[in-house]
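Asks: kindly return the folded structure for what I paste below:
(2 chains)
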There are 2 protein chains.
Amino acid sequence: MAKITARSPLAPERFPELPVIKGVRFSSVAAGVRYAGRTDVMLAHLAPGSVVAGVFTRSATRSAPVLDCQEKIGAESPDGAAIIVNSGNSNAFTGRNGVEATRAVTSAVAAAMSLPEGRVFSSSTGVIGEPLPHARITAKIDELVAALDEDGIAGAAHAIMTTDTFPKGATATVEMAGGQVRIAGIAKGSGMIAPDMATMLVYIFTDAAISRADLQTLVSRINDRTFNCITVDSDTSTSDTLLMGATGASDVAVTAEDGAFESALEEVMLDLAQQVVKDGEGATKFVTVAVTGAESDADARTHALSIANSPLVKTALAGEDPNWGRIVMAIGKSGARADRDLLSIRFGEVLVAENGWVAPGYHEEQGAAQMKQPEIAINVDLGLGSGAATVWTCDLTHGYISINADYRS
Amino acid sequence: MAKITARSPLAPERFPELPVIKGVRFSSVAAGVRYAGRTDVMLAHLAPGSVVAGVFTRSATRSAPVLDCQEKIGAESPDGAAIIVNSGNSNAFTGRNGVEATRAVTSAVAAAMSLPEGRVFSSSTGVIGEPLPHARITAKIDELVAALDEDGIAGAAHAIMTTDTFPKGATATVEMAGGQVRIAGIAKGSGMIAPDMATMLVYIFTDAAISRADLQTLVSRINDRTFNCITVDSDTSTSDTLLMGATGASDVAVTAEDGAFESALEEVMLDLAQQVVKDGEGATKFVTVAVTGAESDADARTHALSIANSPLVKTALAGEDPNWGRIVMAIGKSGARADRDLLSIRFGEVLVAENGWVAPGYHEEQGAAQMKQPEIAINVDLGLGSGAATVWTCDLTHGYISINADYRS
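Replies: Numbering: from 1, shown residues only, chains lettered A, B, ... in the order given. I've put the predicted structure just below:
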């Protein structure tokens, strides 16, 4: 049974007002997959003419629903689409039974909604290695279909939560030459979060008129700058899925070269990605690690992730200890190039270390003051080149241990 | 101030009886480098004719004493050698001051013992980024030299502790054709432990008569199977050092091809390495992760370390939760090749999962019974080839968070 702990101290004040995306309807229901007393299945329907793009975990042990989505995602179809998601059971490492369970759910949705099976995408999140009680889901499909509502997205955001302490939503509106385009997205995820991708389910919708290929290009490109730049615990899920649907209902044409649309979509994806970190299991600090001056962007990313994933750095942050020595350690161990005597470290704007030692003007109280903030910036310049990368993470606390030493996820 | 917590529940019953290694003498003293009320500096003297070999951290931000040792280690000399080690301050990331502090200490030892400076090796362990108060050490050198004693090794093992909860020693005796050879070693380390190498200081001594080149060959080779196969928290120290001295006082000639000697040395090194894991910060479980059936030994090691370093696996172990789904996750994310449907997982001898799903005969109580043991074996066969690797680790507990969210290391 998942422990839904107290709301993260980093949570936004409230779930945002998400606009209606014309052509998309949502519903959710309590099917009792694993949890009692809460909704645990969501359904989304995309009107005929919609296109769907997606990115997925690269885990070698990915789940049956992920494999099923990957098979279906590339196809074009005029028929619209459906997305069905359950929490409580990830249907991962469930062998042939898992394939059959996924098929049972998607074919039941297809039949109920008169869609080809290839247009029904599914995700499952929760415990690994236990058979998905798919009959509990299929028993609720008529109810889900009947309840579909263009205002149902907030309910859907609740239904997909597992150890999340708050539902996650984000939105943006873009004024284009042809008119207004809207984007709205929801996400779940708090543990087992690391790049490629974060352990996470993300569903984003827009009324833009865009080709499937262009939508896929945008989603893949922005994913590398958002969801692939967050880490809670370096653990990668078997179920990570991001699906994005575009209905075209705005009649505003958009392409992958459209900067305003790309910026708006990036804003939504980054917002959702950062919300996942802010709901990191046990998190009390939201941490931005920015590395500049590396030999390459790849080197910068290696250093940034080494810092962001270091248990010693993360526990120091939890303890509000401005322990920059552990940052030096994490840079040293990353494997990417660094020169001890050329690198500099800042907490926020405060220069802490440079020239191979503590900065002459630095006083521990300055670092301590930075550490007391709920949002902390670690800025490292390697002094070697122009490679840069930013990743987002959280601290490692007793809360993480409590959640994960007991919860069977 | 280091918190010396209660003795690890995985600690051996007592410090072993270490034999005298002819030609080596030890002393230790309370110099007040950082800690009060305990010894914190050790000195070892190796008689003329001794050879010294070593392996060191590959961190790009390694400490001044490590760099100094690396410069000196390759030289041959008839003069004997000294090793001086302080706890409480690692003299890492201390810039030019760090180099000068190392030189101040090693040159004072050289002068006091009539040794060339190139024959004085030093290590420092403790807080990073603070100037080493070297005058506190040099003020004690006469006292250290006067106290040198061939029975002093246990005292030395105590003086080098930081967050360790017990001193670590191991010994072996080899019967060779030419007579008996003895090996005795001490180590410190509990946090910031990960391969290449574990965060650790290790000093091993033998009375074998062996060339420096052969000793180096043996130490490097065995290091890859012992200290480079342990991980507590995936964090790599800036100070890792293993020094081994051979005095030749037994008059028994040994080479790098001598199987009996190699086995005995491996036994000592593995014992010390496993003691470090058993003293892992907050550890309550000692875990052996053995991967077989990989495409290559390197792939097997990648999978084994992915499992051993996964926070979700380690917290499940802490919670005595036989959560094999997280092991599947860790295999999936490692990046090395795996086939979900060919791999099998065992807890000890208990087959848990195979053919892409939970094993038909497996009952959760069987896994739970394994998890209750203080020593747990996770055995994974990938079913792909003959690559194999074994690593040792511990669980991730509230104790780790408590130690590291407060201790400035």
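Asks: can you check the pLDDT for A:V120?
Replies: On pLDDT, A:V120 comes in at 98.
Asks: likewise for A:H398?
Replies: As predicted, A:H398 sits at a pLDDT of 87.
Asks: pretty sure it contacts B:L396?
Replies: No: applying Cβ atoms under 8 Å, one finds A:H398 not in contact with B:L396, separated by 11.4 Å. Just so you know, the C-beta spots here come from the backbone N, C-alpha and C atoms, and that holds for glycine as well.
Asks: ok, the two, which is more surrounded?
Replies: Higher neighbour count among A:H398 and B:L396: B:L396, with 33 against 17, using other Cβ atoms under 10 Å in any protein chain shown.
Asks: using the three-state scheme, assign the closest residue to the more buried one other than its chain neighbours.
Replies: Among residues not flanking B:L396 along the chain, B:K314 sits closest, at 3.5 Å (Cβ to Cβ, 6 or more residues apart in numbering or on different chains). At B:K314 the chain is in helix, as set by DSSP: H, G, I helix; E, B strand; the rest coil.
Asks: OK, contacts around A:A139?
Replies: By Cβ atoms under 8 Å, 6 or more residues apart in numbering or on different chains, A:A139 lies in contact with A:A31.
Asks: roughly how far apart are it and A:V85?
Replies: The gap separating A:A139 from A:V85 is 16 Å, by Cβ to Cβ, to the nearest Å.
Asks: what helix or strand is the residue of the stretch 201-350 of chain A found nearest chain B located in?
Replies: Across the stretch 201-350 of chain A, the shortest distance to chain B (Cβ to the nearest Cβ) belongs to A:G325, at 2.8 Å. Assigned by DSSP states H and E, A:G325 belongs to helix A:324-333.
Asks: swap in A:E76?
Replies: Using DSSP H and E, A:E76 sits in no helix or strand.
Asks: and it, what is it in contact with?
Replies: A:V51, A:R212.
Asks: so where's the stretch 301-409 of chain A uncertain?
Replies: Within the stretch 301-409 of chain A, the stretches with pLDDT under 70 are A:406-409.
Asks: all strands of it, in order?
Replies: Ranges of strands in the stretch 301-409 of chain A, per DSSP state E, counting those that start in this stretch, are A:344-347, A:350-354, A:357-358, A:375-381, A:387-394.
Asks: out of those strands, which gets nearest to B:T288?
Replies: strand A:387-394 (30.0 Å; Cβ to Cβ).
Asks: helix, strand, or coil at A:G126?
Replies: Quick answer, by three-state DSSP: A:G126 is strand.
Asks: give the bridge partners for it, please.
Replies: With DSSP bridges as the criterion, A:G126 is bridged to A:G88.
Asks: what residues go with each domain of chain A?
Replies: According to automatic domain parsing, chain A comprises the domains A:24-278, A:286-406.
Asks: need the winner for burial among the strands of the stretch 301-409 of chain A.
Replies: Ranked by mean neighbour count under mean count of other Cβ atoms under 10 Å in any protein chain shown, the strands of the stretch 301-409 of chain A are led by strand A:387-394, which reaches a mean of 24.
Asks: who does that one pair up with?
Replies: Here strand A:387-394 is paired, per DSSP bridges, with strand A:230-231 (parallel), strand A:286-294 (antiparallel).
Asks: sorry, back to before: for the residue of the stretch 201-350 of chain A closest to chain B, which non-adjacent residue is spatially closest?
Replies: Of all residues not flanking A:G325 in the chain, B:I128 sits nearest, at 2.8 Å (Cβ to Cβ, 6+ apart).
Asks: dihedrals phi and psi, the one you found?
Replies: Backbone geometry at B:I128, expressed as degrees, to the nearest 10, gives phi -100, psi 140.
Asks: how near is it to A:T231?
Replies: Distance, B:I128 to A:T231, by Cβ to Cβ: 23 Å.
Asks: also A:E262?
Replies: Per Cβ to Cβ, A:E262 is found 24 Å from A:T231.
Asks: and if you look at A:D207?
Replies: Using Cβ to Cβ, one obtains 33 Å as the distance from A:D207 to A:T231.
Asks: quick one, which of those two is more surrounded?
Replies: The neighbour count for A:D207 versus A:T231, taken as other Cβ under 10 Å, is higher for A:D207 (27 against 24).
Asks: helix or strand for the residue lying closest to that one once chain neighbours are set aside, which one?
Replies: In this structure, A:D207 finds its nearest non-sequential neighbour in A:S250, 3.9 Å apart by Cβ to Cβ, 6+ apart. Under DSSP H and E, no helix or strand contains A:S250.
Asks: can you count the residues close to A:S250?
Replies: A:S250 - counted by other Cβ under 10 Å - has 22 other residues nearby.
Asks: how about the contacts made by it?
Replies: Taking Cβ under 8 Å, 6+ apart as the test, what A:S250 contacts is A:K22, A:G179, A:Q180, A:V181, A:R182, A:D207, A:A208, A:A209.
Asks: let's have the residues you listed in a markdown table, adding secondary structure and distance to B:E281.
Replies: Shown next, in a markdown table, are those (DSSP: H, G, I helix; E, B strand; the rest coil; distance: Cβ to Cβ, whole Å):
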| residue | secondary structure | distance to B:E281 |
| --- | --- | --- |
| A:K22 | coil | 55 |
| A:G179 | strand | 59 |
| A:Q180 | strand | 55 |
| A:V181 | strand | 52 |
| A:R182 | strand | 50 |
| A:D207 | coil | 53 |
| A:A208 | coil | 51 |
| A:A209 | strand | 56 |
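Asks: now a PyMOL select for only the buried ones of those.
Replies: In PyMOL syntax, the buried subset of the contacts of A:S250 is picked out as below (16 or more other Cβ atoms under 10 Å in any protein chain shown):
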select buried, chain A and resi 22+181+182+207+208+209
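Asks: quick check, nearest of the contacts of A:S250 to A:K278?
Replies: Set against A:K278, the nearest of the contacts of A:S250 by Cβ to Cβ is A:R182 (24.0 Å).
Asks: the closest one contacts A:I21, doesn't it?
Replies: Yes: with contact defined as Cβ under 8 Å, A:R182 and A:I21 form a contacting pair (5.7 Å).
Asks: overlap of the contact sets of the two?
Replies: Residues touching both A:R182 and A:I21 by Cβ under 8 Å, 6+ apart: A:T206, A:D207.
Asks: number of nearby residues for the residue nearest to B:L396?
Replies: 33.
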